[in-house]
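Student: All I have is the shape, not the residue letters:
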């Protein structure tokens, strides 16, 4: 399952590369001008065939070069595909650990929703970084999406918010209140509260 998730994410990473390279600040982020049209070599302009578009694999087999003109392609294509594939694997693995710690019964629906939400957030941040590196600007569409995702996690779906206790890595409250953090740590050692018995 994890291999399938990785390659699905890598395929999405290939799409992110297309958006990042074609994006024009004067057009909508997902406009037909940006996402439409077949993929082609940026140097000889030849349209790529299906076996040249397999995420990660095609880049490695072709040694990062165009099959027609032999020109070297940017390593960004491979790096973004690998990173996006990793997001699709690491995020569910991380959240699954927290899910079992905080909930006595496993809810596939709730787990799928929170995993999809955090994957979407990290993918959006990756796309934001790619566009920012190329154009030194942040598309408004990504800002709006991240804001909406935050509101969904905070208000519309409290259980999703409670799984990560504020942020993806740890609680905002823990970071801002050392006393609260030490109290929670004490409960953990005693086998009460949020912690596990030792």
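Tutor: Received, thanks. Only a predicted model underlies this, so the values are computations on that prediction, with no experimental measurement involved.

Student: which ones are touching residue 48?
Tutor: 38, 39, 40, 41 (CB atoms under 8 Å, 6 or more residues apart in numbering). Every residue, glycine included, has its C-beta placed from N, CA and C.

Student: ok, these vs residue 80, which is closest?
Tutor: Of all the contacts of residue 48, residue 39 has the smallest distance to residue 80: 13.9 Å, by CB to CB.

Student: Is it correct that the closest one is in contact with residue 18?
Tutor: Yes: using CB atoms under 8 Å, residue 39 is in contact with residue 18, at 6.7 Å.

Student: residues shared between the contacts of the two?
Tutor: Counting by CB under 8 Å, 6+ apart, residue 39 and residue 18 have no common neighbour.

Student: Counting neighbours, which of the contacts of residue 48 end up buried?
Tutor: Taking 16 or more other CB atoms under 10 Å as the criterion, what is buried in the contacts of residue 48 is residue 41.

Student: For residue 149, which non-adjacent residue is spatially closest?
Tutor: Nearest residue to residue 149, sequence neighbours excluded (CB to CB, 6 or more residues apart in numbering): residue 121, at 5.4 Å.

Student: Point out the other helices and strands that whichever strand or helix holds the one you found packs with.
Tutor: Here residue 121 sits within helix 108-135, counting by DSSP states H and E. Counting contacts by 3 or more CB pairs under 8 Å, 6 or more residues apart in numbering; DSSP states H and E, helix 108-135 packs against helix 2-22, helix 76-102, helix 140-151, helix 158-164.

Student: The residue nearest to residue 149 reaches residue 147, doesn't it?
Tutor: No: the criterion here is CB under 8 Å, and residue 121 misses it with residue 147 at 10.9 Å.

Student: now, which of the contacts of residue 48 sits nearest residue 87?
Tutor: residue 39 (21.6 Å).

Student: Any figure for the gap between that closest one and residue 54?
Tutor: Per CB to CB, to the nearest Å, residue 39 is found 12 Å from residue 54.

Student: Now do the SS call for the closest residue to residue 71 other than its chain neighbours.
Tutor: Excluding the flanking residues, the one nearest residue 71 by CB to CB, 6+ apart is residue 43, at 4.3 Å. With DSSP: H, G, I helix; E, B strand; the rest coil as the basis, the three-state label of residue 43 is coil.
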